[in-house]
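Novice: predicted structure and sequence below. I'll ask about it afterward.
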Amino acid sequence: MVWREDSVAYHHFCASHKAVLPLFFQAEWLDSVVTQGNWRAWVAFDEGKAVALFVGHYRTKYGLSALVMPRLTPYHGMWIPPGEKHDVKGLAASLLTTLPRVFLTSLCLNPTVEDISSWKSKGFHHKKRTTYLIQGKSIEEYESHRSAKLQNHLKHAQARLQLSATDNAEELTQLVRASFEKQNKNLPYPASLVTQIYDCPIARAKITLARDEDGMAHAGLLTVEDETTVYNLISGRKSDAVRGAQAMLLDGAIKDALNRGKNFDFEGSSIPEIASFFSSFGGEVHHFYHLYRSAFRWTDALLHLIGKY
């Protein structure tokens, strides 16, 4: 098993797996959300055949290099085509001898990567995270799995709001900013990034707002998608939004995805209240791993202690 940093092989591998390759591993996405081209790609070869890829976002600050998650990107790192039988442990072990050494590594692997033993043997800490996926269901099946509390909230919102598509990224950004301000936090990324994502053709982004009869937007949602899945990427609401506004937006996006034969990925959350809200839609639980490691023992121990990376 050999990994090579090879741009031509990467683009060829992506093209040959376009039907199943997640959006977040594709060059056009990375170029939109990782500014100044600070990402690199490796391809794994087994007996001359390309079998897997790795994409990494590299940053340097204060002279220290890091391999970290791109902004607004839920999954990163290694990807193996679904259904193909490969030695995941061996692929990871070989990869870790190939990647450049950095001060800090922090990666959320795609949910399809289930064996992280090679990462752990190299000193990586890990956290098991959860997302919810709705897949292979009819609208009727999906509706029957929603919680009673969620259905009550949906009825409340549907009697007072209507969903409308928009290309006004700024209007969504204002709602997202309001959500963070309610938590006494600043917007964690440049406002211009929302527009960059919306304007990225391969992301097929959709912005939907929940408006009242006066045209006031109470909540907003931006989804992106690839060939198989629609992703819940950005959302926000005003502080006095109608109860159920956010649920109404997600419900509409889920039904749109299912009608087009696609899955819907909530992207999960480590915040208990949000995780509980997502679970009320009746999706299947899927786990993915957040891996992290520092080059210095004292920093590594601190990161492990506070769970921040």
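Specialist: Happy to help now that I have it. Residues are numbered from 1 along each chain as shown.
Novice: quick one: end-to-end distance for stretch 184-199.
Specialist: Stretch 184-199 has its terminal residues 29 Å apart, counting by C-alpha to C-alpha, to the nearest Å.
Novice: pLDDT on it, on average?
Specialist: For stretch 184-199, mean pLDDT rounds to 92.
Novice: what's the answer for stretch 96-108, then?
Specialist: 94.
Novice: any stretches of the stretch 1-150 of the chain with poor pLDDT?
Specialist: 35-36 (pLDDT under 70).
Novice: now the helices: where do they sit in it?
Specialist: Counting by DSSP state H, counting those that start in this stretch, the stretch 1-150 of the chain has helices at residues 7-16, 27-33, 88-96, 117-121, 139-144, 148-158.
Novice: how close does the closest residue to Ser7 other than its chain neighbours get to Val102?
Specialist: Using C-beta to C-beta, 6 or more residues apart in numbering and skipping residues adjacent in sequence, the residue nearest Ser7 is Ala41, 6.6 Å away. The way it works is simple: take the backbone N, C-alpha and C, and place the C-beta from them, glycine included. According to C-beta to C-beta, to the nearest Å, Ala41 stands 16 Å off from Val102.
Novice: what sits against the residue lying farthest from the centre of the chain?
Specialist: Ranking residues of the chain by C-alpha distance from their mean position (C-alpha atoms, centre = their mean) puts Asp214 at the top, at 33.6 Å. By C-beta atoms under 8 Å, 6 or more residues apart in numbering, no residues touch Asp214.
Novice: quick one: residues contacting the residue nearest to Ser7.
Specialist: Here Ala41 is in contact with 5-7, 10, 27, 53-56 (C-beta under 8 Å, 6+ apart).
Novice: what does Phe180 give?
Specialist: Each residue near Phe180 by C-beta under 8 Å, 6+ apart is listed here: 186-188, 236.
Novice: ok, now how distant is the residue nearest to Ser7 from Val55?
Specialist: For Ala41 relative to Val55 (C-beta to C-beta), the value is 5 Å.
Novice: any common contacting residues for these two?
Specialist: Tyr10.
Novice: before we move on, the earlier item: and the helices of the stretch 1-150 of the chain: which comes nearest Val194?
Specialist: Val194 lies closest, by C-beta to C-beta, to one member of those: helix 27-33, at 10.6 Å.
Novice: thinking again about what came up before, from the contacts of Ala41, list just the buried residues.
Specialist: Applying 16 or more other C-beta atoms under 10 Å to the contacts of Ala41, the neighbour count classes 6, 10, 27, 53-56 as buried.
Novice: tell me the SS of the nearest residue to Lys128 once chain neighbours are set aside?
Specialist: Ranked by C-beta to C-beta, 6+ apart and with sequence neighbours excluded, the top spatial neighbour of Lys128 is His287, at 5.4 Å. Put simply, His287 is strand when judged by DSSP: H, G, I helix; E, B strand; the rest coil.
Novice: thank you, goodbye.
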